[in-house]
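# Dropping the sequence and predicted coords here.
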Amino acid sequence: MFEALTDKLSSAFSKITSRGVLNEKDIDEAMREIRIALLEADVSLPVVKDFIAKVKAEALGEKVVKSVQPGQMVVKIVHDELVKLLGQDGTSLNLNAPAPVVILMVGLQGSGKTTTSAKIANRLKKNKKVLMASLDIYRPAAQEQLAQLGSQIKVDTLPIIKGQKPLDITKRALQEAKNGVYDVLILDTAGRLHIDEVLMQEVAEVKKLANPTEVLLVADALIGQDACNVAKEFNEKVGITGIALTRIDGSSRAGAALSMKMVSGVPIKFLGTGEKIDEFEEFHADRIAGRILGQGDVVSLVERAMEKIDREESEKMASKMMQGRFDLNDMLSQLKQIQKLGSMGSIIGMIPGLSKFKNQIEQSGIGDNLIKKQEAIILSMTPCERKNPEIIKASRKKRIAAGSGVEVHEINKLLKSYEQMSTMMKKMGKMGGMAGFSQMMKRNPMNNMLKGFNKRF
């Protein structure tokens, strides 16, 4: 989502961070490029004007002039202003109310409210008893869709009674939530155009009846310049407490995220990072600002790893490493664990210093296609071959290549990668596992590897 904006801002910053002294002309030129980058990212004009004015006022201050690295100081100012623009307030849901706490989902048609409702329920079910109810009587099979999602994530949904109106469904859902001693009730309303007065009035009446603690506006990140109008209309006519942005993994230009918070005055609380139920994360302004400026987001990457990676599997792998044992089954397991973290591009974008090489890395073939290809190759091997890779000779390689749809030279590449990993594991085993590996890295510092990487790209 932020790639185009990140590239343009990085280009603007590269011109000022390389200079020892900055004058007003340099700052004006940088501000002009930042303004163009934001406008091209579909950020609304009033938001851009206000943002640039604040950054320029800070950048022309004594703090920057007296700084040892004035260019880096300007980058920090832009980062801090981005955090303010995106919202520094806490983004977690407010569940501090007598049960059942009601969450009302509102938004335009096709914004992803039903899926987002299920994603929120899936997060809350670990600690809360959740009930979902669909008030969408207009879209064919909308209520059935929520029921299916509820069954998939093992969260209860209100039984469907054909012909009931949204207000009647709301009353029934509130009663069911009380009778069933549910902690949270999620009401999924029908999608509407923000100019549709009848439907806007309907959701306002539902809100009055349900008295929700949270009213979340679900907005498609691809909405572009219209983001401000949508946020303004829903906030004025319904009153929202937070925003959930969907499809941020698409080719949107980031304008919605940067505009909606300022116009509505309510925080962005969630980001939908994909179509799957677990592709959903809490919004953190400082982390997103870091991603936009190409500074990575290690905290989110670590959180994703803790959530997705199988701890038991990792402990088995660590035990094998300590013993210096490693076969192709272990390599396959590692490939599957990496895929759980998301696309290679999204992982690279979260690592500081590597985000600017994201496109080059993907073009060089070190990406999702390579991982899938390697997985296909290993799956085309027999259990015996995976356990004993040394037996894989010419005839076996031809059979594996035919089975996985690749050329023989790609089998050779995988086996070479395996040999290198196996050798490293054996060294770690002899040197005492991870402690030994740490000592090895001290003798052969990582920055030498990064220097070589920088030279390559």
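That came through fine.

# Please, where are all the strands along the stretch 251-400 of the chain?
Assigned by DSSP state E, counting those that start in this stretch, the stretch 251-400 of the chain shows strands spanning 268-272, 280-282.

# Show me which residues of stretch 393-401 are buried.
For stretch 393-401, burial by neighbour count (16 or more other Cβ atoms under 10 Å) applies to K397, R399, I400, A401. To be clear about C-beta, it is placed using only N, CA and C from the backbone, and glycine gets the same treatment.

# Just to check, V203 is in contact with R192?
Yes: in this structure, V203 is within contact of R192 by Cβ atoms under 8 Å, at 7.1 Å.

# Just the buried residues of stretch 82-101, please?
Going by neighbour count (16+ other Cβ under 10 Å), the buried part of stretch 82-101 is L82, V83, L85, L86, G87, T91, L93, P100, V101.

# My understanding was that the first one contacts A289; is that so?
Yes: the pair formed by L82 and A289 meets the contact definition of Cβ under 8 Å, at 4.0 Å.

# low-scoring stretches of the protein, by residue?
For the chain, the stretches flagged by pLDDT under 70 are 1-8, 15-22, 61-71, 88-91, 193-195, 224-225, 249-258, 290-325, 339-368, 425-457.

# repeat that with 50
Per-residue confidence for the chain (pLDDT under 50) gives these ranges: 1, 296-299, 434, 437-438, 440-457.

# which among the buried residues of stretch 393-401 gets closest to P159?
Comparing the buried residues of stretch 393-401 against P159 with Cβ to Cβ places I400 closest, at 52.1 Å.

# Ignoring the adjacent residues along the chain, who's closest to the closest one?
Spatial nearest neighbour of I400, excluding adjacent residues (Cβ to Cβ, 6 or more residues apart in numbering): S380 at 4.8 Å.

# Enumerate every residue touching that neighbour.
With contact set as Cβ atoms under 8 Å, 6 or more residues apart in numbering, S380 has these partners: R399, I400, G403, S404.

# That one and N388: what is the separation?
Counting by Cβ to Cβ, to the nearest Å, the separation of S380 from N388 is 16 Å.

# how about the helices of the stretch 351-457 of the chain, start to end?
Ranges of helices within the stretch 351-457 of the chain are 358-363, 368-379, 383-387, 394-404, 408-430, 434-443, 446-456, based on DSSP state H, counting those that start in this stretch.

# ditto for the stretch 201-350 of the chain
Counting by DSSP H, counting those that start in this stretch, one finds helices in the stretch 201-350 of the chain at the ranges 227-237, 255-264, 285-292, 298-308, 311-323, 328-340, 344-349.

# can you list the domains in this structure?
Annotated domains of the chain cover 3-86, 101-298, 302-456 [automatic domain parsing].

# Run a quick check on I52 versus D28, I expect a contact.
No: counting by Cβ under 8 Å, I52 sits too far from D28 to count as a contact (10.4 Å).

# Comparing those two, which shows the higher neighbour count?
Neighbours per residue (other Cβ atoms under 10 Å) separate I52 from D28, with I52 holding more: 18 against 12.

# Would you mark the buried spots in the host helix or strand of the more buried one?
Using DSSP states H and E, I52 sits within helix 45-59. Buried residues in helix 45-59, defined by neighbour count with 16+ other Cβ under 10 Å: V47, V48, F51, I52, K54, V55, K56, E58, A59.

# Can you dump the C-alpha atoms of it in PDB for me?
Output in PDB follows, covering the C-alpha atoms of helix 45-59 (Å, rounded to 0.1, in the frame of the first residue of the first chain):
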ATOM      1  CA  LEU A  45      -5.300  18.800  -0.500                       C
ATOM      2  CA  PRO A  46      -6.300  20.400   2.900                       C
ATOM      3  CA  VAL A  47      -4.500  17.600   4.800                       C
ATOM      4  CA  VAL A  48      -1.400  18.000   2.600                       C
ATOM      5  CA  LYS A  49      -1.300  21.800   3.100                       C
ATOM      6  CA  ASP A  50      -1.600  21.500   6.800                       C
ATOM      7  CA  PHE A  51       1.000  18.800   7.000                       C
ATOM      8  CA  ILE A  52       3.600  20.700   4.900                       C
ATOM      9  CA  ALA A  53       3.100  23.900   6.800                       C
ATOM     10  CA  LYS A  54       3.800  22.100  10.100                       C
ATOM     11  CA  VAL A  55       6.800  20.300   8.800                       C
ATOM     12  CA  LYS A  56       8.300  23.400   7.200                       C
ATOM     13  CA  ALA A  57       7.800  25.500  10.400                       C
ATOM     14  CA  GLU A  58       9.700  22.800  12.400                       C
ATOM     15  CA  ALA A  59      12.400  22.300   9.600                       C
END
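
# Run the angle between it and helix 227-237 for me.
Interaxial angle, helix 45-59 versus helix 227-237 (axes from the mean of the first three to the mean of the last three Cα atoms, to 10 degrees): 100 degrees.

# for the residue nearest to D220 when sequence neighbours are not counted, helix, strand, or coil?
Leaving aside its sequence neighbours, D220 sits nearest to S111 (Cβ to Cβ, 6+ apart; 4.8 Å). Classification of S111 using DSSP: H, G, I helix; E, B strand; the rest coil returns coil.
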